[in-house]
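Colleague: only geometry, no sequence info:
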Ligand SMILES: O=C(O)CCC(=O)C(=O)O
Ligand SMILES: [Fe+2]
């Protein structure tokens, strides 16, 4: 071992995660995250995915979690198996930063032995600021680049900090590992699955529709106080900066007694429609998270949407829009928060790849179809994998041959 490895055990891995996986995890975060534990931070934990009926979205994490755990065991020379204590997607927007600290610096964090921070997007391209620094030893600074990973011991040999984000949204997949099996995240997740899926069946066609968590978990406020007037609902803000608005039917709006932020957020649990420039897309979404997942799927898959052959079903664009008479007159677009604040938080510079994407109603229809197929396939795979996970009390990749075998039995 060299000087740094001995005194400051740490490892940098370049291109450890494929760019395709980075994009898929970005899709999951932008369509499922809740407000995080500190100002200007958003997080998507695996238990949050299960609690919002999106547990199938943990499948894209399974192999990378396993690879990272094996790498940590090998590099840090662990004699015994490690357990994943926490897995989450964490994004930081303008103003977020963290000063010098070690990751086990609280009494309730002592079980954390090793950390793995995986960068899912890149400094300069997706955000400004946000450089990572170690207080001592080499490397002193890490410039986050999509696909790279930094691993380090969670103790005081690796005191580190992250510079304030100046613009954009910096996204990581962050894991902590523990030697203590009582902190095993897998057992907790498997038990959550058992509670939440006990009544569902994998052949139910709508079993993958998301259910929002309590609305205060999606309410962003400048001061991070849920009741504060200046703020926004993050699912509304994320579709809003991409040029969409949410429309609700008149009777639902009348049910809302006052326009206070909390009451408005209740609307997001209700059926809604997506609109752009006075045109309303003729599809009812069950709630805001459902619409948000489809919109984010569009952003993720934009270059492949033409290949989803919906042209035969869709004879004209007007068929995809609501007619200006009848029902659409009873739909109203309502802003669910402070437009300026939403722009300040989620907009990167003047342009980025998402605000630049071209828009087409037929592609949005393809995104609805593509998202349903993607969700349905993951849901089927989840049900097949769960029986293995329950037996072993561990979450691991189950091969398609094993899954095929199960269905044949
Ligand atoms: O995101 C990073 O680069 C590190 C974040 C960090 O230090 C932490 O969450 O404890
Ligand atoms: Fe840290």
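Modeller: Nice, thanks for sending it over. This structure is a prediction, so every number in the text was calculated from the model and none was measured. Residues are numbered from 1 along each chain as shown. Ligands and ions are numbered 1, 2, ... in the order given.
Colleague: can you give me the offset of stretch 359-378 from its chain's centre?
Modeller: 18 Å (C-alpha atoms, centre = their mean, to the nearest Å).
Colleague: nope, stretch 171-184 is what I meant
Modeller: On C-alpha atoms, centre = their mean, the centre of stretch 171-184 falls 18 Å from that of its chain.
Colleague: Let me know the average pLDDT across that stretch.
Modeller: Mean pLDDT, stretch 171-184: 97.
Colleague: Next, the buried residues of it.
Modeller: 171, 172, 173, 175, 176, 177, 178, 179, 183, 184 (16 or more other C-beta atoms under 10 Å). No exception for glycine: its C-beta is placed from N, CA and C like everyone else's.
Colleague: ok, residue 321 - how many residues close by?
Modeller: When neighbours are defined as other C-beta atoms under 10 Å, residue 321 has 17 of them.
Colleague: Residue 72: what's it in contact with?
Modeller: Taking C-beta atoms under 8 Å, 6 or more residues apart in numbering, we find residue 72 in contact with 78, 82, 114, 116, 151, 177.
Colleague: And the buried residues of stretch 171-184, which is closest to residue 340?
Modeller: Lowest distance from residue 340 to the buried residues of stretch 171-184 (C-beta to C-beta) belongs to residue 171, with 23.3 Å.
Colleague: Do I have it right that the closest one meets residue 123?
Modeller: No: distance between residue 171 and residue 123: 11.4 Å, which falls outside the contact criterion (C-beta atoms under 8 Å).
Colleague: Can you show me the helices along the stretch 251-400 of the chain?
Modeller: Using DSSP state H, counting those that start in this stretch, the helices assigned to the stretch 251-400 of the chain run over residues 261-266, 288-301, 339-346, 353-356, 361-392, 400-408.
Colleague: Pick the most buried one from these.
Modeller: Greatest average neighbour count among the helices of the stretch 251-400 of the chain goes to helix 288-301 (a mean of 24), per mean count of other C-beta atoms under 10 Å.
Colleague: Now do that helix against helix 361-392: the angle between them, please.
Modeller: If you take axes from the mean of the first three to the mean of the last three C-alpha atoms, to 10 degrees, helix 288-301 sits at 100 degrees to helix 361-392.
Colleague: out of the contacts of residue 72, which is most surrounded?
Modeller: Going by other C-beta under 10 Å, residue 114 tops the contacts of residue 72 with 30 neighbours.
Colleague: For the residue nearest to it when sequence neighbours are not counted, give its distance to residue 321.
Modeller: Using C-beta to C-beta, 6 or more residues apart in numbering and skipping the chain neighbours, the partner closest in space to residue 114 is residue 177 (4.4 Å). Per C-beta to C-beta, to the nearest Å, residue 177 is found 51 Å from residue 321.
Colleague: same question, residue 103
Modeller: For residue 103 relative to residue 321 (C-beta to C-beta), the value is 51 Å.
Colleague: hang on, the earlier thing: columns distance to residue 99 on top of the helices of the stretch 251-400 of the chain, output as TSV?
Modeller: As requested, the helices of the stretch 251-400 of the chain are arranged in TSV below (distance: least, C-beta to C-beta, whole Å):
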stretch	distance to residue 99
helix 261-266	31
helix 288-301	32
helix 339-346	22
helix 353-356	31
helix 361-392	38
helix 400-408	46
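Colleague: Ligand 1: which of those is closest?
Modeller: The closest of the helices of the stretch 251-400 of the chain to ligand 1 is helix 339-346. By C-beta to the nearest ligand atom, the value is 17.8 Å.
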